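K.L.:
curious how this folds, go ahead:
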Amino acid sequence: MTTERERAKAQRRQELLKQAAAIMAEKGFHQTRLADVGAAVGISGPALYRHFANKEDLLGAILIEISIRLVDGARAAFARHTDDVADNPGAVLEELLAMHVDVAVDEADLVRVQGREIDNLEEGVRAKVRSLQRAYLGQWTDALLRARPDLDRPTARVRVQAAATLLNAARYVLHWADRDWLKEELTKMARAAMLVE
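P.N.:
As a prediction, this is how the structure comes out:
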C-alpha cells in the first residue's frame, strides 16, 4: 500500500517525464536544460537532482518508462484474451493497435524523443530500451500470428515493423489533422498493412 507522499512523488516524477519529453521534442536533447524542465513543473533546476542524476538519466527514465508501459500493456492484452483465442483470434492485435495509436497521437512527444534521441543514452541504458522495444514488437508479432496463422514469423515481423513505423509517423500531421479522425485513419492503415492477403 502506497502512502500519500509516495503517490505525490510518483505523480511529480510522471509530470517531470512528460514535461521533459515535450521540451526535448521541441528543442532536442542537447539544447534542453534541467532548469527548463524544472521550471515547467514549478521546481528549481537543483531540486530536479532529487529525481534524476543528470540529463542523460532523465532521458533514460523517459524512454524506459514508455517502453515498459507498452510491454506491460501488451502483456495485459494477452492476459485478457487467454480464453478467446479460438473465438476471436484478432482480439489482442486490435487491442495493441488501439493502445499504440493512442500513444502515437496523444503522446507524440514521447515517440519523437524515442526516435530522435535514443543514441544520446548511455550504452547500457540504450541496450535496455532496445531490448524492451524488441520485446514489444515480438508481442505484436505474436498477436499478428494469432490473427494470421498462415504467415511465417519473418513476414509477420516485417508487417509489424512497417505498421509501427506508420503509426509513429503520426507526429508529422498532428499540427493540422483532427485527432479522432487521425486515430481512425491510422488504425485502418496499420490494420491493412498487417493483415493484407
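K.L.:
tell me how many other residues surround the residue lying closest to Ala190 once chain neighbours are set aside.
P.N.:
Nearest non-adjacent residue to Ala190, counting by C-beta to C-beta, 6 or more residues apart in numbering: Ala163, 4.1 Å away. Every C-beta, even on glycine, is put in place using the N, C-alpha and C of the backbone. Neighbourhood size, Ala163 [other C-beta atoms under 10 Å]: 25.
K.L.:
need the contact partners of the helix or strand harbouring Ala39.
P.N.:
Using DSSP states H and E, the element containing Ala39 is helix 34-41. Under the criterion C-beta atoms under 8 Å, 6 or more residues apart in numbering, residues 12, 15-16, 19-20, 22-23, 27, 44-49, 52, 54-55, 58 lie in contact with helix 34-41.
K.L.:
against Arg134, how distant is the spatially most central residue of the chain?
P.N.:
In the chain, the centroid-proximal residue (C-alpha atoms, centre = their mean) is Ile66; its distance is 4.6 Å. With distances taken as C-beta to C-beta, to the nearest Å, Ile66 is found 15 Å from Arg134.
K.L.:
same question for Gln161.
P.N.:
Taken as C-beta to C-beta, the span from Gln161 to Arg134 is 11 Å.
K.L.:
and what of Ala39?
P.N.:
Taken as C-beta to C-beta, the span from Ala39 to Arg134 is 36 Å.
K.L.:
more neighbours: which of these two?
P.N.:
Counted by other C-beta under 10 Å, Ala39 and Arg134 do not tie: Ala39 has more neighbours, with 15 against 12.
K.L.:
against Val111, how distant is the more buried one?
P.N.:
Distance from Ala39 to Val111, by C-beta to C-beta: 24 Å.
K.L.:
same deal with Arg179?
P.N.:
Where Val111 is concerned, Arg179 sits at a distance of 14 Å (C-beta to C-beta).
K.L.:
give the contact list for the nearest residue to Met189 once chain neighbours are set aside.
P.N.:
Spatial nearest neighbour of Met189, excluding adjacent residues (C-beta to C-beta, 6+ apart): Leu166 at 6.0 Å. Neighbouring residues of Leu166 by C-beta under 8 Å, 6+ apart: Leu186, Met189, Ala190, Ala193.
K.L.:
how about the residue nearest to Ala190, secondary structure?
P.N.:
helix (DSSP: H, G, I helix; E, B strand; the rest coil).
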